[in-house]
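Visitor: Test case, fold it:
(3 chains)
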Amino acid sequence: MTELMVKNACVIDPLNRINTEMMDIAIRDGRIVESVSGNADVIDAKGCLTLPGGIDSHTHVCGTKVNFGRYMSPEDMRAGRTARSGKMHVTSGYYVPTTYGNSYRYSRMGYTTLLEGAMAPLEARHTHEEFTATPHQDMLANTLFDGNWSVMEAVQKGDVRRVAAIVAWTLTAVKGYSIKLTNPGGTEAWGWGEDVTSIHEQVPNFNVTPAEIITAMIAANEMLRLPHSVHLHCNNLGKPGNYRTTLETFDLVPDRNKERQSLYATHVQFHAYGGTTWRNINSKAEEIARSVNAKPQIVMDMGQIMFGRTMTMTADGPMEFKLYCLHHNKWSNHDVELETGSGIIPVLYSKKSLVNCVMWAIGLELALLTKNPYQCLLATDNPNGAPFVKYPEIIGLLMSKRYRDEEFATLHDGTGQRTAISSIDREMDWNEIAIMTRAGQAKALGITTQGKGHLGVGAEADVAIYPIRCRDVDPSTEYRKVVEGFQKTMYTIKRGRVIAREGEIIVEGANSTFWVNPSVPEEISVASDPEFVKKFEEYYTVRMSNYPVQDVYLPRGKCIRTEAVL
Amino acid sequence: MRVILETKKCSKPFLPIEAESIIPRNFLKGTDLTVYEGNKERALSELFWIFVEGTAVSPDKVEVVLKGDTSRVKRVGEYMDTGTIRIVGDIGMHCGNFMSGGLIEIGGNADAWLGREMLDGSIICRGNAGHYCASGYRGEKHGMKGGRVEVMGNAGDFCAEYLTGGEVYIHGSCGDMAGVEMKGGQLVIGGDATRPCGNMKDGTCMIFGTVHRMLPTFTKTGTQLLPDHKVAMEVYTGDVANRGKGTLMVSSRVPAR
Amino acid sequence: MIIKDVVCPFCGCLCDDLDVEVDGQKILKVQNGCALADATLTGSNRLPAPIRRTDAGWEETSYDDAIRDAADILLSADRPLLYGWSSTHGEAQSIGVHIAELIGGVIDNTSTVCHGPSILAIQEVGHPGCTLGQVKNRADVVVYWGCNPMVAHPRHMSRYTTFATGFFVPEAQRGREVIVVDTRRTESAEIADEFIRIERGGDYEVLSALRAIVQGKTSVLPREIAGVSREQLIRVAEICKKAKFGAIFFGLGLTMSPGKSKNVRNAIELTDELNRHTKFIISPLRGHSNVYGSNEVFTWISGYPYAVDFSRGIAFYNPGETTAVDILRRGECDAALIVASDPGAHLPHSAAAHLAKIPTILIDPHQTATTPLCRIQIPCTIAGIDAEGTAYRMDGVPLRYKKLIESSYPDDADLLRRIHDRIREVQGA
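Guide: This is a model prediction of the structure:
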C-alpha cells in the first residue's frame, strides 16, 4: 500500500466544480481517497495551481506514419536530441520525437493521458508496441474506418447494424478505443490518386457518399454505446472555401447522447477557410463557432498552428500530396489496403505568409468565439499544427489579449482584413483553460467514469502541480509567467506515483492502454459470417486469424465492455 | 598565441577520437579541454602533448597546430568561427563542419565530410579529401552555404553535394557524382569527374579535365571562352530531369586559340 | 498436428498462409510455402549448447557463464559494436538498442549491406508507398527494377503482384503489364511483358532520362542512354503514364550499384513525377524477414533506423561512419555482439576478418560462417520456429511469428535481457 498526501494545493477541478480552492489531496494505491495515514509521503504544493493530469484528445505520437515521420527526418532527430540521464533514456527529435521523447516532454508538461489520433487496424500491432514505449501516459487509439471496404459496402446497402457489427469486430480485434474518420471516402479515392470534393460526392467504385458514411457511423457508434463519439477529420481539409463542407457536415449530426457529444470534429482550424483561392482565403471561424454554439452535440478541437517548422502527417493522403505539389518538400505516402491512407510532409509556417497568419488567427478565434469551453478543446493536431511543447504558448495567447495583440503586430499586415482576431477581447480564465486541457477532453472521450479528468474521491491519481500561484499572477498582463508555468510542472503524478519532478523523469513507467470490446448479438456478428470471412481472405494480404492484436501487446490493457443496443 | 598539440602514442590507436573542443576560441580559456576516445571521456592532455606559445586577447589571434598521427581525430574545427587551425598531417572526419569563420589548413589528406554545412571561412587541404567533401547533412534541403573549400589533390564521391553557396575548388579529380543536388554556389574541378551535377537545380560547376559519363539530361547551350584559363568551355544547362537551371561548363577538347 | 496460417520467418514477403505439420519437437512438412520456406522451417543442425573458444579448441560452457562473459566483454570495451538483428523478433531488437545505449556502443543491422541506400534516399525525398494489398488489388503496371523476385522472393509475384487476383484486377496476369529492368536477362525478365537491359551502373542515367520523358522533354535526350534506346524508354514512360495504378519494386541492383542511394532517390523522384499523372508507388524488396522490423524498432527508440552510435551519450547517426562495415574495415571496434545474422558470409571479407581479432560474441542457433570468427557462441530459439514475437513485413505491416515447436533453447530476448541486467548491475555498483 502506497500513500501520498499533496498538501496546500490550489485546485481547479471543473468536473467537480472546484475553482481555485486550497485543499489537500489524499492518494492511496493510485486513487484519490478521503484521507491517508500519518505514514504517507508528503508533497507540499505551496499553494500552487494543481490540476488533474493533462489529457490530449488528438495527437500523433505512435504508429506507422509517426515512425515514418521519424525515420525520414534525421535532421529533426538531431535537432531535438537529449542524452541518457538517470532514469531517462536517450531521446531524439523536435517535431517528431521518439517515443521516450514524447513521453518525457508530455510528462514535463503535466500530461498523463493521450489519444493517438489515427491507427490503421491492419497496422495496430505497431501502434501498440509504441504505446508500451511511451511509458508515462495512458494511451487510447483512434481507429481508422474512413476507407474501410466492408463498412462502405454495408453503408451502401443501408445496413447500419452490419456497420455496427463490423466496427465491433474490428475494434475488439485491434484493441482500438474509438471510431476515427479521416476525409471519409477520400482516402479510398486516393487509392486511385483521386479525392472527393463534397460530402455528397460518390466515392469511386463504392457508390456511397461521405455524408452517408458519417451518418451511418454515428448511428453505429451510438448503437454500440461506445464511450467516445465518432471522431471526424472533415473532408476538404486545407482548401479555401472549405468552411461550407464543415457546416454541411455539422448539420448532419443528430443529438444522440446525453452524456457527451455525438460528433467530435478535430483540428477544425484547418476546416474553417473562406475565400476561393490562396489569394483571397479568409477566416470563417465565426460561422463555425456559431454553428457549434447552437449544437451541444458537437465538440471540436482547435488544431492551432504555431509559427516554425513542423511535420504534417495525416491519413488524408490526397491533402499531403497537394502540399507536396505546392512546396516540393520530401513527401511520403502510405495507403493501407481496404482501410485508409496516409501522407507525411514537413512544412514551415511563416509569419511572412499571409495564408499562415490567417490560419494562426483562425485557431484562436475558434476557441474564443465558442461560448462553452467544453466544446472547443486545446490541441494542435500534434505535430501537424505545431509540436505539443507549444501548448503553454497557446494557453498564454488565450488568456491574454495583450499577448495576442503583440503577436498580431508581428504578422503579415494583410491579416487584419481576413480575420477577426484583433477585435476579440475575450480572455479565458484558469477554469476555462483547465476545461480545455483536461476536463473537456475527459468528458468528450468518455473517460470520466474511468476516473480520468477530475480529482474527486475515486478518481485515478493523475495530478499536475504547476509553479503558478493563481492569486498572484494576472494572466492578462503576465502572460510570460503563464507560459513558463505551464511548460514544466513542479510535480507530475500518475496513478499516485511521482513521475516527474522539476522536469526530470524519476521512475520507469507502467502505463495502461484503454480499449473497447463492444458485443453484438451472435446473429449479426461478422466473425461467423462466411461472406465477410471470404472477402477478408481474398482481398487482404494477411490471414484473418493473424489480424487480431494478441493480448501480449497490452501488458496492462484496460478493456471497456459495452453491449450493443440495436 | 599558438597552441601546439602533438599526439601521444595510444594503447588503442584504432579508436576514433572526437575532438570538437579543438577550436581556436576554446584555447583562450586554457588547455583544460576534453575529448572522447571511443565512449570514454579523456582530458586533452591524456592524448596530446600540449605546448602554448604566447598569449592572445581575442580568439582570432589563436592558432592551433596539430601534429603527429591525427588521421583519426574527428570533428576538429567544428562550429569554429574565427582563428586558425593548421594540421601538419592527415585529419579525420568532419573537419571544419558548420564552420562560420577562420582558416583551417591541412597538410595531408582529409577524411570524409570535410567542411560539411560550412557557412563561412576557409579550408585548404593540400592532400586529398574523402567522400562527401563540402556536402550537406542528410535530410536537410541545403548544404554548404558560404565560405571556401580548396583541395589541392583529389576528392572522393559526392563532393559538394547540395552546394547552396560559397566556393569549392578541387585542383585534382573528383570521384562519382560531384555537385549532385547542387542549387547554388560554385564548384570548380581542375581534373576529371564522373556523372557530375545530377539533379542540379542552380549554381555553377566548371570542370577542366575530362567528364566521364555526362548525364543525358543536360542541354548544351553554347560555348564560352575563359580568358584566364585560355580554354574554351562547353556550356550546358540542367539538370532537366529536375527542372534545373544550373550551369555546367566542361572544357572543350579543342584548346582555345 | 497441423498449424495453420504460419508466418514464414525467411524473407521480407512474410507470407502468413503456411500450413505446417509438427510432431512435438520436430517440423515434418510445410505447405503453401516456397522452397526457401521449406528449407528454413525443416532445416536442422542447431548448435546444442553454448561454446567458448580456448587455446585447445572449442569447449562447451554454461548459459550463465556465457552471459556473464558476454556482459563483461561489452562492459570493458571502448567501442563495442552490436550487429545483425534482422532475423530475430522485435522484442530482442528492442533490448539490443537498450544495451547499446547502456554501454555507449554502436548498433547496426543488415540494412547496412542491403537497403541502407534506400533509407538514405527516403531521408532525402520521402517514400511514396503503400501496403502490398493495395498493389494486389489495383496495380495494372508492375515494375521490377534491379531485383529478381522469381529467385529471391519466390512468392512475391503470386501473392502480391503479377499472378495474384485483386478486387480491381480479377484477371490477374492478364490484367497486368510487367516490366523488368536489369543488367542481364534474369528468370524474372523471362516472364515480363517488357524487359529493359541496362549497362552496369547505368540506372541513374536511365532514371533521369525517364523523368525528363515523363515531363515531356524528350528532345534533350541522346538516342541511347546506358545501352537503352530512347524509343524503348519513351514506350515504357507511356505505359507508366497510362497506368491506372503503377508499382515499382526494387532491390540490390539499385542499392548496390554505383551511385547507390542516389539511384534510389532518382527512382523515388520518378515516382513523384508519375504521381502528377496517375497513381504510382515505389517500395523496396527487403531481404530478411524482419530487417524492416529492426529499422522500425531502432527508430522509435533512438530516432534512427540503423547505424546508431551511442558513444557520446546521445544517439548519433552517420552511415559511412557509424555503419558496421565501415567500423569493422577501419578496425575501430574492440568488441562485438552479433545477433541473428551471419556477417562472416555477408559482409566484405575485409570487414568480417576484424571480428576474429576482437572478442566477438555470437548469439545464433546455427553454426555459420561467423562461428569461426567468434569467441563465444550462444545458441537460442529461432523466431518463427520455437519462439514467437513481432516481425515487420517489407511494407511495414506487423505480424506475430508463431511458436511451432517446443525446444529447450532460451529465447534470445531472454538472453539479451539477462546480459542487459548484468550490465546494469555492474554499472550501478
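Visitor: what sits against the residue most central in space within chain A?
Guide: Using C-alpha atoms, centre = their mean, the residue of chain A that lies closest to the mean C-alpha position is A:His58, 0.6 Å off. The contact partners of A:His58, by C-beta atoms under 8 Å, 6 or more residues apart in numbering or on different chains, come to A:115, A:117, A:142, A:231, A:266-267, A:301, A:379, A:381-382. Heads up, the C-betas are built off the backbone N, CA and C, glycines and all.
Visitor: Next, give me the two most distant ones among those residues.
Guide: Within these, A:His231 and A:Asn382 form the most distant pair, 15.1 Å apart (C-beta to C-beta).
Visitor: Residue 314: what's it in contact with?
Guide: Assuming you mean chain A. A:Thr314 touches A:60, A:118, A:182, A:233, A:237, A:320, A:342-343, A:381, A:384, counting by C-beta under 8 Å, 6+ apart.
Visitor: meant chain C actually
Guide: A:81-84, A:90, A:92.
Visitor: One more: B:Tyr132?
Guide: Neighbours of B:Tyr132 in contact, by C-beta under 8 Å, 6+ apart: B:112-113, B:116, B:156-159, B:161, C:320.
Visitor: from what I can see A:Phe131 touches A:Thr113, true?
Guide: No: the pair A:Phe131 / A:Thr113 is not scored as a contact, 11.9 Å apart, by C-beta atoms under 8 Å.
Visitor: any common contacting residues for those two?
Guide: A:Met139.
Visitor: Start and end of stretch C:15-25, how far apart?
Guide: 23 Å (C-alpha to C-alpha, to the nearest Å).
Visitor: which of the residues in that stretch are buried?
Guide: Neighbour-count burial for stretch C:15-25 flags C:15-18, C:20, C:22 (criterion: 16 or more other C-beta atoms under 10 Å in any protein chain shown).
Visitor: quick check: mean pLDDT across that stretch?
Guide: Mean pLDDT, stretch C:15-25: 95.
Visitor: How about stretch B:104-116?
Guide: The model assigns stretch B:104-116 a mean pLDDT of 98.
Visitor: Can you pull up the residues of chain B that come close to chain A?
Guide: B:137-141 (C-beta under 8 Å from any C-beta of the partner chain).
Visitor: Let's see that with 7 Å instead.
Guide: Within reach of chain A by C-beta under 7 Å from any C-beta of the partner chain, chain B has these residues: B:137-140.
Visitor: If we only consider these, which is nearest to B:Met152?
Guide: Nearest member of those to B:Met152, counting by C-beta to C-beta, is B:Tyr137, at 25.6 Å.
Visitor: what about A:Ala216, neighbour count?
Guide: Using other C-beta atoms under 10 Å in any protein chain shown, the number of residues around A:Ala216 comes to 23.
Visitor: returning to what we had before: buried ones among the contacts of A:His58?
Guide: A:115, A:117, A:142, A:231, A:266-267, A:301, A:379, A:381-382.
Visitor: could you dump these to CSV with pLDDT and secondary structure?
Guide: Formatted as CSV, the buried ones among the contacts of A:His58 follow (pLDDT from 0 to 100; DSSP: H, G, I helix; E, B strand; the rest coil):
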residue, pLDDT, secondary structure
A:Leu115, 98, strand
A:Gly117, 97, strand
A:Asn142, 98, strand
A:His231, 98, strand
A:Thr266, 98, coil
A:His267, 98, coil
A:Asp301, 97, strand
A:Ala379, 98, coil
A:Asp381, 98, coil
A:Asn382, 98, coil
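Visitor: picking up where we left off before, would a markdown table of the contacts of A:His58 with distance to B:Met249 be doable?
Guide: Below are the contacts of A:His58 laid out as a markdown table (distance: C-beta to C-beta, whole Å):
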| residue | distance to B:Met249 |
| --- | --- |
| A:Leu115 | 57 |
| A:Gly117 | 51 |
| A:Asn142 | 56 |
| A:His231 | 58 |
| A:Thr266 | 54 |
| A:His267 | 50 |
| A:Asp301 | 56 |
| A:Ala379 | 53 |
| A:Asp381 | 48 |
| A:Asn382 | 48 |
